[in-house]
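# With the input below, show me the fold.
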Amino acid sequence: MKLRTFKERAITILPFAAVAVLLWLSVYGILIYLRDGHEQRFLEEQSQMQKLAWRAATQVNEGLIEHAVESYVLDNETTLALLKRAHDPMQRDSAREALYAHLAPKNSKLLERGFRQFHFHLPDGESFLRFHRPEAYGDSLVGVRHSVEVANRELRPVFGFEAGRLYSGFRSVFPIVNDKGEHLGSVELSMPFEAVHTRIAQLLESWEFAFVVDADQHHQTLFESQRHLFAPWPLHSDFWMEDPNATLPDAAAPLSADRSCLLEAFKDHPDLHTLLDSRSSGALTLKQSSGYGVLTLTAITDTQGQNAGFLIGLSHSDEPAFLDRSVAFGLTLSAMLFALLAISGGWLAQNRQSIKTAKVELERALKAEQHFIASMSHEMRTPLNSIIGYQELLLSLPLDRDALRYVKRANLSAEHLLALIADILDLSKLQAGGLELRKEPVEIAELLKECQSIIAPNLQPGVTLEIMGSRAPCRVEADAMRLKQILLNLLSNAAKFTPEGAITIRYAVRDEAPDPCRVRIDVVDTGVGIHPDRLDELFSPFKRAHTDRYSGSGLGLYISRRLAQQMGGTLTVRSQEHQGSTFTLTLPCLDRTEP
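Below you'll find the predicted structure:
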């Protein structure tokens, strides 16, 4: 009798047990899928944060270098006169000696400020004077130093990382032209990795960084006598480490013992070699006994757009461990719930509520990405606001000319970084669905005039900015502040990419039944334009149509389109390279035109 009862119960429970097992396996698959997806987004965040920090640090260095070159070379009559003498082969040696004596004190100050190389070149690309190695001159840099060729050929500054005859570095090369329009040659200043490393470490305090360079590029470029300063990177044979024994005074600080062990642990990570072989940026995690380690790679391109090496960031994070705990918690909870389901089908309704609770927990974990970005943006913005405030206080004090320049440049760099952080915060709010709009009637003509007055001072010489529209009422229902943000972004881009010609703003009401009434705003410029192949990715985050000469985060157009869509509108573009661009914004209007 007891055996029969047991068999009956088993038969009764068996269908529920089968369903419970299938459901548990499904939950397991979903949890693993969500966990992997969330970790991938977390790694993308780490990679983007390092890229932004890298970009901000290099832009600060470029500003410091530009100031030094203007002070010591471009605005220095003695320097220009000596470079003019150097064009005469009979006076070249004496001009070199005189230039060295004239600028030697300045070079000492540059070394104290972290600059590495102060190097003059003749218009044909021949090395004229290396202050770091004054005995090494006369070698042609044509075919070796792309930045020097471009600066002398196109007479424009060139910024970027580049391998050299003696060292690698983050170089800025400037053409030298006197008041008579005579091309006298070019000059470069460079900074070692340590100078960039210091500024990045100030932005990402819990991280440590290393830098490796492409072995083939440096082997072809370096003087034979300088190759002893480089050593193969143990993790990949295609890359070298510069000065691993710290023989140079500006050598980068070595990794701590903890981060060195973490880097060594990543050696056998299969995805690391995939990223390095493909010369791609990315981030990886590695589980250790003490928690998770994170390795972030930022691919560094040289002045020709080719991969020149990697910035390597190393840190620890609790985020992957939190994901593991969330998965373990979900699996444990689901196992308990499904066990109860198998024992008693009558408890199914109660278990559904528990499953719903688990689902809420999982959805909450999915939003951790947006909360992470938002909290990081707030944490970085607070000290930056303090820095900008103190800089503005400094500007109110009586400062000498050099100090005033330094403070102004530091203020510009801080404000640029603050703008990047604001863009990231807007991006996180948009992706999380947390950006609320306050719609109200907005007069288009008045708003466009306000934007015109803001942008006009930033136009390049000779460029005009006009507004063309009918006198009929033209109002939209939109968030005035966010609409202004969209228009300023479009006009700022037009001003940046229009070196000559005109920028025109056209607006009109389009009221053609049965279509709804809409206001169309066109921002038309005669600037450099965009290649058709780049138009599709123009509105993607962190994508830029021009990456060689113009700065920017690559977020402005993406955020502008998302804001336009939230206000019921559209944002599109038409462009041809070298023929200008037209960005078109449409929004629902409040005033219909009279028939």
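# Pull up the gap between the residue lying closest to V212 once chain neighbours are set aside and L275, please.
Nearest residue to V212 in three dimensions, chain neighbours excluded: F239, at 4.0 Å (Cβ to Cβ, 6 or more residues apart in numbering). Where C-beta positions appear, they are placed from N, C-alpha and C, glycine not excepted. Distance, F239 to L275, by Cβ to Cβ, to the nearest Å: 12 Å.
# can you check A104 too?
The gap separating A104 from L275 is 44 Å, by Cβ to Cβ.
# How about F120?
Going from F120 to L275 by Cβ to Cβ gives 39 Å.
# neighbour-wise, which of those two wins?
F120 (25 against 19; other Cβ atoms under 10 Å).
# Direction included, what does the strand or helix carrying the more buried one pair against?
Counting by DSSP states H and E, the element that carries F120 is strand 117-121. Strand pairing for strand 117-121, using DSSP bridges, gives strand 127-130 (antiparallel), strand 183-191 (antiparallel).
# Kindly compare burial across those and name the winner.
With neighbours defined as mean count of other Cβ atoms under 10 Å, those peak in mean count at strand 183-191, which reaches a mean of 24.
# CA atoms only: put that one into CSV for me.
What follows is strand 183-191, C-alpha atoms only, in CSV (Å, rounded to 0.1, in the frame of the first residue of the first chain):
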residue,chain,number,x,y,z
HIS,A,183,59.3,79.2,-45.1
LEU,A,184,62.3,78.7,-42.8
GLY,A,185,61.7,75.1,-41.8
SER,A,186,59.9,73.4,-38.9
VAL,A,187,60.3,72.7,-35.2
GLU,A,188,59.0,70.0,-33.0
LEU,A,189,58.5,69.4,-29.3
SER,A,190,57.6,66.0,-27.9
MET,A,191,56.6,64.5,-24.6
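# How about the secondary structure of H218?
Following DSSP: H, G, I helix; E, B strand; the rest coil, we place H218 in the helix state.
# That one touches F161, doesn't it?
No: with contact defined as Cβ atoms under 8 Å, H218 does not count as touching F161 (11.5 Å).
# what do these two both touch?
Contact with both H218 and F161 is made by residues S168, according to Cβ atoms under 8 Å, 6 or more residues apart in numbering.
# wait, what's in contact with G125?
Taking Cβ under 8 Å, 6+ apart, one finds S140, L141, V142, R145, V148, E149, N152 in contact with G125.
# My guess is the second one contacts V150. True?
No: at 11.4 Å, L141 does not count as touching V150 under the criterion of Cβ under 8 Å.
# out of the two, which sits in the more crowded spot?
Between L141 and V150, counted using other Cβ under 10 Å, L141 has the larger neighbour count: 23 against 18.
# Now do the strand holding F120: everything it contacts.
Contacts for strand 117-121 (Cβ under 8 Å, 6+ apart): 83, 99, 103, 106-107, 110, 127-132, 141, 148, 152, 164, 166-167, 169, 171, 185-190.
# Output the below-cut-off pLDDT ranges for the stretch 1-150 of the chain.
Applying pLDDT under 70 to the stretch 1-150 of the chain picks out residues 1-17, 20.
# ranges for the helices of it?
For the stretch 1-150 of the chain, the helices defined by DSSP state H, counting those that start in this stretch occupy 2-69, 77-85, 92-112, 146-154.
# And the stretch 401-550 of the chain, by the same measure?
Using DSSP H, counting those that start in this stretch, helices in the stretch 401-550 of the chain cover 401-432, 444-455, 480-496.
# Can you pull out the residues in contact with the second one?
Outside helix 444-455, the residues that touch it by Cβ under 8 Å, 6+ apart are 465, 467, 469, 474-476, 480, 483-484, 487-488, 491-492, 495, 505, 507, 519, 521.
# at 6 Å instead, please
With Cβ atoms under 6 Å, 6 or more residues apart in numbering as the test, helix 444-455 has contacts from L465, I467, C474, L487, L488, L491, A495, I505, Y507.
# Just the closest of those residues to E62, please.
Taking Cβ to Cβ as the measure, E62 lies nearest A495 of the contacts of helix 444-455, at 20.2 Å.
# ok, that closest one - how many residues close by?
19.
# Any figure for the gap between it and A101?
Counting by Cβ to Cβ - A495 and A101 are separated by 44 Å.
# do the same with L314
45 Å.
# isn't the residue nearest to V212 right next to A210, touching?
No: F239 lies out of contact with A210 (Cβ atoms under 6 Å); the separation is 10.6 Å.
# Quickly check the contacts of helix 444-455 for the two that are furthest apart.
Pairwise over these, using Cβ to Cβ, the maximum falls at C474 and A495, 23.6 Å.
# Okay, now the unreliable bits of the stretch 201-350 of the chain?
Flagging of the stretch 201-350 of the chain using pLDDT under 70 yields the residue ranges 222, 250-251, 338, 341-350.
# so where do the helices sit in it?
Secondary structure of the stretch 201-350 of the chain, counting by DSSP H, counting those that start in this stretch: helices at 215-221, 257-265, 270-278, 319-343, 348-366.
# Could you give me the buried positions within the first one?
Spelled out, it's helix 215-221. A215, Q217, H218, T221 (16 or more other Cβ atoms under 10 Å).
# ok, so of the residues you listed, who is nearest H269?
A215 (20.5 Å).
# And that closest one, how close does it get to F230?
As judged by Cβ to Cβ, A215 and F230 stand 8 Å apart.
# Pull up the overlap in contacts between the two.
Shared contacts of A215 and F230, counting by Cβ under 6 Å, 6+ apart, come down to W240.
# what is the closest residue to Y137 other than its chain neighbours paired to in the beta sheet?
Excluding the flanking residues, the one nearest Y137 by Cβ to Cβ, 6+ apart is S127, at 5.1 Å. Judged by DSSP bridges, the bridge partners of S127 are H121.
# List the contacts of S127.
Applying Cβ under 6 Å, 6+ apart to S127 gives the contacts H121, Y137, D139, L141.
# Go again with 7 Å.
By Cβ atoms under 7 Å, 6 or more residues apart in numbering, the contact list for S127 reads H121, Y137, G138, D139, L141.
# Make a ChimeraX selection of the buried ones in the residues you listed.
Listed next is the ChimeraX selection for buried residues among the contacts of S127, using 16+ other Cβ under 10 Å:
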select :121,137,141
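# need the contacts of S127 in TSV with distance to P234, can you?
Formatted as TSV, those follow (distance: Cβ to Cβ, whole Å):
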residue	distance to P234
H121	36
Y137	36
G138	38
D139	33
L141	32
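# Pick out whichever of the contacts of S127 sits closest to L34.
The nearest member of the contacts of S127 to L34, counting by Cβ to Cβ, is L141 at 54.0 Å.
# any idea how far L563 is from the closest one?
From L141 to L563 the distance is 48 Å (Cβ to Cβ).
# swap in L397?
L397 is 40 Å from L563, by Cβ to Cβ.
# Kindly report the same for T296.
Applying Cβ to Cβ to T296 and L563 gives a distance of 30 Å.
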